[in-house]
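A.B. asks: Okay, predicted coordinates and the sequence, questions at the end:
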Amino acid sequence: MFLHWLIFALVLMGRVSDAKACNSTQYGDARIKLWKHLGLEDNNSQDDRMWPLMNNYKYNPYYGNKPAKTYVGIYVTSITNVDEKAQSLSTQVKMITVWLNRKMKWNPNKFCQIKTFAAPKNMFWTPDIGIMESIKTEFGTKESPNVLLRSSGFTVSTDILSMTTACKMNLYRFPFDTQICSITLQSTVYSDQEIKIDTLSKAQLDKNHIINKSKEIFQSQGEWDLINITTRNHITDDDLERRKMDQLIYKITIKRRPLLYVINIIIPVFFFLVLDLISFFVDSSAAEKLSFKVTLLLSVSVMLLILNNTLPSTGTDIPLIGVFCGATFCLIGISILETIFVNYLKIKGAKKRSVETTAAVTGQDYCVIDQQNPPDSVRDQNEEQSCTPNKIFTECRQKTPLYWTRVARIIDVTFLVLYMITIIVFMSVLWVLLRQSKYLK
């Protein structure tokens, strides 16, 4: 009994060894034999290998013609550019297209274990799959002139594409935003009754194959991180031809690295606001303080120009960073107006003090008092106590400038308190909106 099993195993090993033991001459002969077996030497028989829709499936009277399956896998190798103003995404992808042609099958045991065979692409039918969002698409290096034939009957076409696709972006959370861009694959001619497009991961029975492979070969380490790639099928109506077209939609999720914008825009603008707040505690001349605040205002305006060159002019929502810089510009502007008004009151009091000092030196009465007909208040005081005109003049001279100085100080302190409260409330509201937009998305 065991002898029979041993003989069977030896015969099986002998067959495998004979099949694999091919020298270079035998291997070359096997390739020529396979070339003839597939009918590649005869261009008149291209129908069999160029039109798998006709020979893969037979007509079923109950369900009609079964569409030919085409599997497409897109692997993102790099993100070259994201243009927020143009709302476009530039990527380099590896696109693998696989379809079944039963006429192109062979038994590897008969051809020195040849399981794959490269042949010119122009000798085969290839699916006319286009990218609907494409603005510009070109081959990354060079169009592959060949396709890869597998012994199981599958034909594989591999292309490296550099493409720019339209992508509708929501920049409300810029630069902490996450964008989702679509790549829609659709045949330009064949309907859903002829071609069915499906993802390559389903053929490999691995849902995470595309994203795992993309992260493995991802080369770019720039501003954007590749987060996820999902797929879904969709049937769309062609109004012109009055038929339905099958679509395979790739959803590419990318996330921006915000460190550059935080260092170059957010932190400087925040420190401009802090410096404007601290300037209230600086005891310096009015001209120096005013020039300092105007310099801060010009610095914020430079940041606004940088944002204007980055963000699109049209959008459904105003980016929060634009609100932050715009509100900071307005707060510093209001602070400058308050400083001008307070300085005006202080100058007004200083002028009155200088005039009174001049009047005291020249002997003129700044408080114009009629010696013959003094005011009622002075007359009442004279009745209670003796009051000379020099004493009345001295009290008036002291109270008038101090009144404007006191008003200026009260306005300055009140504005400082309101200014601090406004900044705290504004920052808190901005933070809440940023967090809410993250969860809502």
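C.D. replies: Done, it's in. Keep in mind that this is a model prediction, so the values were computed, not measured. Numbers count the residues shown, from 1 in each chain.

A.B. asks: alpha carbons only for contacts and neighbour counts from here, please
C.D. replies: Noted.

A.B. asks: All the helices of the stretch 1-150 of the chain, in order from the start?
C.D. replies: 2-20, 24-37, 46-50, 52-55 (DSSP state H, counting those that start in this stretch).

A.B. asks: how is the chain carved up into domains?
C.D. replies: Using automatic domain parsing, the domain parsing of the chain gives 16-257, 260-440.

A.B. asks: Pick the most buried one from those domains.
C.D. replies: Mean neighbour count (mean count of other Cα atoms under 10 Å) peaks for domain 16-257 among the domains of the chain, with a mean of 17.

A.B. asks: which stretches of the stretch 201-350 of the chain have low pLDDT?
C.D. replies: For the stretch 201-350 of the chain, applying pLDDT under 70 flags the ranges 202-207, 221, 238-241, 284-286, 314-316, 349-350.

A.B. asks: at 90 instead, please
C.D. replies: Scanning the stretch 201-350 of the chain with the threshold set as pLDDT under 90 gives 201-223, 233-246, 260, 278-292, 303-319, 322, 339-350.

A.B. asks: can you give me the helices in it?
C.D. replies: 209-217, 259-261, 267-278, 286-310, 320-362.

A.B. asks: possible to save those as a markdown table with distance to Gln436?
C.D. replies: Output for the helices of the stretch 201-350 of the chain, formatted as a markdown table (distance: least, Cα to Cα, whole Å):
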| stretch | distance to Gln436 |
| --- | --- |
| helix 209-217 | 28 |
| helix 259-261 | 21 |
| helix 267-278 | 22 |
| helix 286-310 | 23 |
| helix 320-362 | 12 |
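
A.B. asks: Over to Val407: give its phi and psi.
C.D. replies: Main-chain dihedrals, Val407, degrees, to the nearest 10: phi -60, psi -40.

A.B. asks: quick one: it and Thr414, what's the gap?
C.D. replies: Distance of Val407 to Thr414, computed by Cα to Cα, to the nearest Å: 11 Å.

A.B. asks: now the strands: where do they sit in the stretch 151-300 of the chain?
C.D. replies: For the stretch 151-300 of the chain, strands defined by DSSP state E, counting those that start in this stretch occupy the ranges 154-166, 178-187, 195-199, 224-238, 243-256.

A.B. asks: can you list those in a markdown table and add distance to Ile79?
C.D. replies: Below are the strands of the stretch 151-300 of the chain laid out as a markdown table (distance: least, Cα to Cα, whole Å):
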| stretch | distance to Ile79 |
| --- | --- |
| strand 154-166 | 10 |
| strand 178-187 | 12 |
| strand 195-199 | 21 |
| strand 224-238 | 7 |
| strand 243-256 | 9 |
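
A.B. asks: bridging residues for the residue minimising distance to the centre of the chain?
C.D. replies: By Cα atoms, centre = their mean, the mean C-alpha position of the chain lies nearest to Gln179, the distance being 4.9 Å. Assessed by DSSP bridges, Gln179 has beta-bridge partners Ile254.

A.B. asks: And it, how close does it get to Leu100?
C.D. replies: 35 Å.

A.B. asks: ok, now Ser182?
C.D. replies: For Ser182, the distance to Leu100 - Cα to Cα - is 27 Å.

A.B. asks: next one: Ala30
C.D. replies: For Ala30, the distance to Leu100 - Cα to Cα - is 23 Å.

A.B. asks: Please apply the same query to Ile74.
C.D. replies: Distance from Ile74 to Leu100, by Cα to Cα: 18 Å.

A.B. asks: likewise Leu149?
C.D. replies: For Leu149, the distance to Leu100 - Cα to Cα - is 10 Å.

A.B. asks: Now do the shared contacts for those two.
C.D. replies: Common neighbours of Leu149 and Leu100, counting by Cα atoms under 8 Å, 6 or more residues apart in numbering, are Thr155.

A.B. asks: What score does the residue nearest to Leu434 when sequence neighbours are not counted have for pLDDT?
C.D. replies: Leaving aside its chain neighbours, Leu434 sits nearest to Arg173 (6.5 Å; criterion: Cα to Cα, 6 or more residues apart in numbering). You'll see Arg173 listed with a pLDDT of 89.

A.B. asks: any idea how far Arg173 lies from Arg257?
C.D. replies: Taking Cα to Cα, one finds Arg173 at 12 Å from Arg257.

A.B. asks: List the residues that contact the spatially closest residue to Val342 that is not a sequence neighbour.
C.D. replies: Nearest non-adjacent residue to Val342, counting by Cα to Cα, 6+ apart: Ala408, 5.2 Å away. By Cα under 8 Å, 6+ apart, the residues touching Ala408 are Val342, Asn343, Leu345, Lys346.

A.B. asks: let's go with 10 Å and repeat that
C.D. replies: Taking Cα atoms under 10 Å, 6 or more residues apart in numbering as the criterion, Ala408 is in contact with Thr339, Phe341, Val342, Asn343, Tyr344, Leu345, Lys346, Gly349, Leu402, Thr414.

A.B. asks: Would you mind giving the residues you listed as a markdown table with distance to Cys22 added?
C.D. replies: Output for those, formatted as a markdown table (distance: Cα to Cα, whole Å):
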| residue | distance to Cys22 |
| --- | --- |
| Thr339 | 94 |
| Phe341 | 98 |
| Val342 | 99 |
| Asn343 | 99 |
| Tyr344 | 102 |
| Leu345 | 104 |
| Lys346 | 104 |
| Gly349 | 109 |
| Leu402 | 111 |
| Thr414 | 96 |
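
A.B. asks: Just the closest of those residues to Gln87, please.
C.D. replies: Thr339 (42.9 Å; Cα to Cα).

A.B. asks: wait, the closest one sits on Leu290?
C.D. replies: Yes - under the criterion of Cα atoms under 10 Å, Thr339 makes contact with Leu290 at 7.0 Å.

A.B. asks: residue contacts, the residue nearest to Leu34 when sequence neighbours are not counted?
C.D. replies: Closest residue in space to Leu34, ignoring its immediate chain neighbours: Phe111 at 6.8 Å, by Cα to Cα, 6+ apart. With Cα under 10 Å, 6+ apart as the criterion, the residues that contact Phe111 are Ala19, Lys20, Cys22, Gln26, Tyr27, Gly28, Asp29, Ala30, Arg31, Ile32, Lys33, Leu34.

A.B. asks: Tell me the confidence at the fifth one?
C.D. replies: If you check Tyr27, the pLDDT there is 76.

A.B. asks: roughly how far apart are the residue lying closest to it once chain neighbours are set aside and Leu304?
C.D. replies: Counting by Cα to Cα, 6+ apart, Cys112 is the residue found nearest to Tyr27 once chain neighbours are left out, at 6.2 Å. From Cys112 across to Leu304, the span is 70 Å (Cα to Cα).

A.B. asks: Could you do Gln179 as well?
C.D. replies: Counting by Cα to Cα - Gln179 and Leu304 are separated by 23 Å.

A.B. asks: next one: Thr165
C.D. replies: Counting by Cα to Cα, the gap from Thr165 to Leu304 is 28 Å.
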